[in-house]
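A.B. asks: Give me a model of this one.
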Amino acid sequence: MLVMVVAAVLMAGCGSSGSSSPTTTTTMAPSSTSTTATTAASTTTTTGPAPSYEVRTGQVKGLGTVLVDGKGLTLYLFVPDAQKGTSTCYNACAQAWPPLLLPAGTTVPLAGPGVNTALLGTTHRSDGTTEITYNKWPLYTWVGDSEPGQATGQGINNNGGLWYVLSPQGTEITAAP
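C.D. replies: Next comes the predicted model:
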């Protein structure tokens, strides 16, 4: 689709007599759309989704408002982490429960809507990456969740402990969905 847009823009430019008509450029990115329209008078930009490392709130049926990442996927705490600010989930555990990591070069977690910035923090993992914490709970997603609004990992005992979603206040929600 991007090739067709580029071709259309190039063809529109051919045969132009130098008029100053407005142009519109559309760029398609995987899983998101970003559109920029430029005219002689103004520029308007609509950005795509939030970065995946953003912590925000979302709704899960039966659980209410919970923490989610920038893609809208539910975030979990691991009870054995004991709210100490350090992760105990590595190797096979981290494969099933990917930690919410800051991208390389980013030093501060991103707070989205509904999140208490004072509760956001980070912890350094033994592999050199930086994991985001909330109220001293390291945050994880679950490979069993594939779209926003799911919490298929809620309350399960897996990889050595229980997993729960978190409220915007930073406490575990132990109810079954």
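A.B. asks: Check the separation of the first and last residues in stretch 119-131.
C.D. replies: From its first residue to its last, stretch 119-131 covers 14 Å (CA to CA, to the nearest Å).
A.B. asks: Sort out which residues of that stretch are buried, please.
C.D. replies: Residues of stretch 119-131 classed as buried: L119, L120, G121, T122, T123, R125, T129, T130, E131 (neighbour count, 16 or more other CB atoms under 10 Å). The way it works is simple: take the backbone N, C-alpha and C, and place the C-beta from them, glycine included.
A.B. asks: Out of these, name the ones that lie in strands.
C.D. replies: In strands, judged by DSSP state E, the following of the buried residues of stretch 119-131 are found: L120, G121, T122, T123, T130, E131.
A.B. asks: and the residues you listed as JSON lines, adding distance to S87?
C.D. replies: Below are these laid out as JSON lines (distance: CB to CB, whole Å):
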{"residue": "L120", "distance to S87": "16"}
{"residue": "G121", "distance to S87": "12"}
{"residue": "T122", "distance to S87": "11"}
{"residue": "T123", "distance to S87": "6"}
{"residue": "T130", "distance to S87": "11"}
{"residue": "E131", "distance to S87": "6"}
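A.B. asks: could you pull out the helices for the chain?
C.D. replies: In the chain, the segments counted as helices under DSSP state H are 2-13, 92-96.
A.B. asks: which of those helices has the lowest average pLDDT?
C.D. replies: Mean pLDDT is lowest for helix 2-13 among those, at a mean of 33.
A.B. asks: pLDDT score assigned to P49?
C.D. replies: Each residue has a pLDDT score; the one for P49 is 77.
A.B. asks: And for it, the neighbour number?
C.D. replies: By other CB atoms under 10 Å, the residues close to P49 number 14.
A.B. asks: you'd agree it is up against D69?
C.D. replies: No: using CB atoms under 8 Å, P49 makes no contact with D69, being 10.4 Å away.
A.B. asks: tell me, what's touching these two both at once?
C.D. replies: Shared contacts of P49 and D69 (CB atoms under 8 Å, 6 or more residues apart in numbering): none.
A.B. asks: What segments of this protein are strands?
C.D. replies: Under DSSP E, the chain gives strands at 23-29, 32-38, 43-46, 54-60, 64-68, 76-78, 110-111, 120-124, 130-134, 137-138, 157-158, 161-166, 172-173.
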